[in-house]
Every structure is written in structure tokens, then in C-alpha cells.
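Make a model of this:
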Amino acid sequence: MSMAFQPIVDNAKHQIYAYEALVRGPKEEPAGFILNQINDRNRYFFDQAARVTAIRLAAELGLSSSDCQTMLSINFMPNAIYNPKTCIRATIEAAKLYHFDLNRLIFEVAEAEKIVDRNHLMNIIDVYRYHGFTIAL
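Numbering: from 1, shown residues only. All right, here's what the predicted structure looks like:
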């Protein structure tokens, strides 16, 4: 799995506010190639791997540098999360490993994700905000 990083521009300030990590295949295949392979058996693993890959590759591009104040937006799949407190651990560990400030991470609900349980989503949002993450719906 790889990622493409699409800039999100703050038009008022005329500068890049964040980069959205967009999943790509290992040979730069489009997102659909990867996303069409996700099913109930591998959804959790994919979601975790995508988060860690996004943080690692962003760090390799210099986005975790203390000189860089740009945010990193990561799509996530609420239906892959069985327990928000448990499932966020690998993300936090990756952020620490790659020196990424948690306050610079945005979690965006994946566009294709159908919300099955709104209360579960709200619980996820509460846990993520507790850790300092920004949430985009």
C-alpha cells in the first residue's frame, strides 16, 4: 500500500493547511483498486495499516518536522473500529515513532463508509478528540 498526498489549501491565507493521505496501490494503482478489495474480514487490518502507512510516508516527506505546521488528514473507517480506545493505539504509537504531533492529525470519515451506528461514531469522535485529534465529517 502507498499514499498520494493531496494539498488542502486555506484560501484566506493562500497557503497549504493540510495534506490528505489518499490510498494507492503499491504500483500507484488508484484508490478504487485497493478499496474494492476491502471486506468485513480485512476492514480492521486495512484501516490500521492505512493510518500507519500515511503517518510513515508523511514523515518521510518531512511533514512531521518541527518546522512544519501543516496538518495531515487521514481517512478512517468507523465500521472497522470495534473499540475506539483500543484501536487508536497503533496510530498513537506510529505518531510517536515518526515524531508526529497528535494535534496535527485530522481524521476524516471515509466518504464511502456507510455509518451503521451513530452512537458508536460519536464514541469514536469523543475518544479521538480526547487525544487531540481534529475530526472532519
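
And the helices in the chain?
In the chain, helices defined by DSSP state H lie at 31-35, 43-60, 84-87, 89-97, 118-130, listed in chain order.

what bridges to the residue at minimal distance from the centre of the chain?
The C-alpha lying nearest the average C-alpha coordinate of the chain belongs to I74 (C-alpha atoms, centre = their mean; 2.1 Å). Beta bridges link I74 to A21, F107, judged by DSSP bridges.

list the contacts for it?
21, 50-51, 54-55, 105-108 (C-beta atoms under 8 Å, 6 or more residues apart in numbering). Bear in mind the C-beta positions are built from the backbone N, C-alpha and C, glycine included.

burial count for the residue nearest to A58 when sequence neighbours are not counted?
Among residues not flanking A58 along the chain, L72 sits closest, at 5.0 Å (C-beta to C-beta, 6 or more residues apart in numbering). Using other C-beta atoms under 10 Å, L72 is surrounded by 25 other residues.

thinking L72 is in contact with I16, fair?
No. L72 is beyond contact range of I16, at 11.3 Å (criterion: C-beta atoms under 8 Å).

per-residue confidence at N79?
Per-residue confidence (pLDDT) for N79: 93.

ok, it to I92 distance?
Using C-beta to C-beta, to the nearest Å, we find N79 at a distance of 21 Å from I92.

follow-up on the earlier one: from the contacts of I74, pick the one nearest R41.
Proximity of the contacts of I74 to R41 (C-beta to C-beta) peaks at A50, which lies at 15.9 Å.

burial measure for that closest one, as a count.
Per other C-beta under 10 Å, the neighbour tally for A50 reads 23.

need the contact list for it.
A50 makes contact with 1, 3, 21, 23, 74-76 under the criterion C-beta under 8 Å, 6+ apart.

go on, L63?
Per C-beta under 8 Å, 6+ apart, neighbours of L63: 5, 19, 70, 72, 100.

Nothing else from me, thank you.
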